[in-house]
Structure formats: structure tokens, C-alpha cells
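Engineer: from the sequence below, what's the structure:
(one chain, ligands or ions: 1)
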Amino acid sequence: MLVNAPALTAETTGGAEAAAPLAGSGARSLLLNASMEPLCIVSLRRAVVLVMTGKATVLESDGRLLHAEHVVVPLPVVLCLTRYVHVPVRRPVPPTRRTVLQRDNHRCAYCGGGADTVDHVHPRSRGGRHEWTNVVAACVRCNHRKADRLLPEIGWELPFVPRAPRWSVAFGTTSVRAEPLWSQYVVA
Ligand SMILES: [Zn+2]
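Structural biologist: Numbering: from 1, shown residues only. Predicted structure coming up:
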């Protein structure tokens with residue numbers, strides 16, 4: 001199904017700089033379904049193949065142009081499939097230490113410092129459930145101070161309402177944060 005991977009070079013739209021080879025640069029593109037929902041992250045090479053074969057169109061580019069064989073395409077930062085593909089329902093990601101820390105960007109929900117533990121907002125010892133809406137990332141100190149108390153009992157508040165991540169944690173929130181052009185398409 002893949003056509004031969006094209007040799008890619010890029011230049012800025014200004015055109016002053018020499019074309020630079022992009023192979024192995026690690027550049028990646030966000031691929032959206034035709035419905036505009038994020039599907040996955042693909043390599044730049046794969047993205048260009050999708051565009052060249054008419055399977056996807058470029059929605060966001062960083063301004064550089066890619067010369068691939070005999071065509072020039074804007075460097076795809078975000079691209080969208082031209083035809084909708086049915087995606088089986090993603091299995092929900094369970095809240096684990098890793099996924100909760102990832103959702104909360106390793107920030108303590110209570111003090112904003114670096115977090116490496118998970119706190120049950122409504123303590124499990126008092127009937128709180130282990131589910132996305134009841135877990136937050138917390139630093140050891142806050143987790144220890146809070147212990148098995150409820151937030152109103154100690155006058156603490158959550159700065160956000162915990163919820164399940166809307167998209168697979170496998171995407172990696174860090175990669176989305178690293179690419180600002182992706183953020184409007186992917187809600188972390
Ligand atoms: Zn803390």
C-alpha cells in the first residue's frame with residue numbers, strides 16, 4: 001500500500017536557505033480523520049506519502065516546502081484524511097500511576113510542584129473509587145499531608161475537575177505540547 005518513500009528535502013518559503021535533507025530528522029505529523037478527530041501521529045515521510053497519493057490534505061504547515069520527487073508540498077504538521085476511516089472504539093485507558101501523572105503533566109494538583117504519586121481525592125478508605133474522576137497527581141508531601149481526609153475538611157480545593165483523558169494517553173501529551181500547531185486539534 002505504501003508507495004516508495006520519496007526523498008525529502010525542505011526549504012523555507014523565503015527560499016534563501018539551502019534545501020536541507022529531512023530524513024531522520026524525527027519530524028512527525030498529526031493525522032486527523034476526515035471528521036477532524038485525531039487519529040495518530042505519523043512520520044513526516046508517511047505524511048508526505050498520504051498527501052502525494054491524495055489520501056490526505058495538509059491543514060497546518062510550518063511554512064516550509066517539501067520537494068518530493070516532482071511535487072512540492074507544504075511540510076505537513078497537521079493533515080487530514082480525505083475519506084473517513086472507521087476506527088474501532090478505543091479501549092479506555094485505565095488510571096495508573098503512569099497515565100495519571102501523564103494526564104496531569106507530573107504536576108501536583110494541590111501545590112503545583114512536581115508530582116510522583118497518585119492521590120485519591122475522595123480517599124479509598126472512605127469509599128472513594130479508583131477512577132479517573134477521583135484521582136490526581138500529587139507530590140509525596142501533599143499526599144502525606146492530606147492522608148485520608150476530604151478536601152473540605154482541610155480547606156483544600158482542586159484547581160480542575162479530574163476526568164478521563166479524551167484521547168489515548170499513548171499519544172503523549174508531551175509531544176502535543178512540543179508542537180503548538182497540534183494543540184487546537186488535540187484536547188489533552
Ligand atoms: Zn504538592
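Engineer: now do the phi/psi pair for the residue lying closest to R145 once chain neighbours are set aside.
Structural biologist: The shortest distance from R145 to any non-neighbouring residue, by Cβ to Cβ, 6 or more residues apart in numbering, is to I154 (7.8 Å). C-beta here means a position set from N, CA and C on the backbone, and glycine is covered the same way. The phi/psi pair for I154 (degrees, to the nearest 10) reads phi -120, psi 10.
Engineer: contacting residues around the residue nearest to C111 when sequence neighbours are not counted?
Structural biologist: In space, not counting the residues next to it along the chain, C111 is nearest to C142; the distance is 5.4 Å by Cβ to Cβ, 6+ apart. The contact partners of C142, taken as Cβ atoms under 8 Å, 6 or more residues apart in numbering, are C108, A109, Y110, C111, G113, D119.
Engineer: which pLDDT value goes with the second one?
Structural biologist: If I follow you right, that is A109. If you check A109, the pLDDT there is 97.
Engineer: same for whatever helix or strand A47 lives in, what does it pack against?
Structural biologist: Per DSSP states H and E: A47 is located in helix 44-52. Secondary structure elements in contact with helix 44-52, counted by 3 or more Cβ pairs under 8 Å, 6 or more residues apart in numbering; DSSP states H and E, are strand 8-11, strand 28-32, strand 56-68, strand 71-81.
Engineer: list the buried residues of the very next helix or strand once past the last one.
Structural biologist: Using DSSP H and E, the helix or strand that directly follows strand 71-81 along the chain is helix 97-103. In terms of neighbour count (16 or more other Cβ atoms under 10 Å), helix 97-103 has its buried residues at T99, V100, L101, Q102, R103.
Engineer: relative to strand 56-68, how tilted is the helix holding A47?
Structural biologist: Helix 44-52 runs at 110 degrees relative to strand 56-68, counting by axes from the mean of the first three to the mean of the last three Cα atoms, to 10 degrees.
Engineer: I'd like the average pLDDT over helix 44-52.
Structural biologist: When pLDDT is averaged over helix 44-52, the result is 90.
Engineer: same question for stretch 162-175.
Structural biologist: The predicted confidence, averaged over stretch 162-175, sits at 64.
Engineer: next, count neighbours for the closest residue to M36 other than its chain neighbours.
Structural biologist: Residue nearest to M36 in three dimensions, not counting chain neighbours: C80, with 6.6 Å by Cβ to Cβ, 6+ apart. The tally of other residues near C80 (other Cβ atoms under 10 Å) stands at 21.
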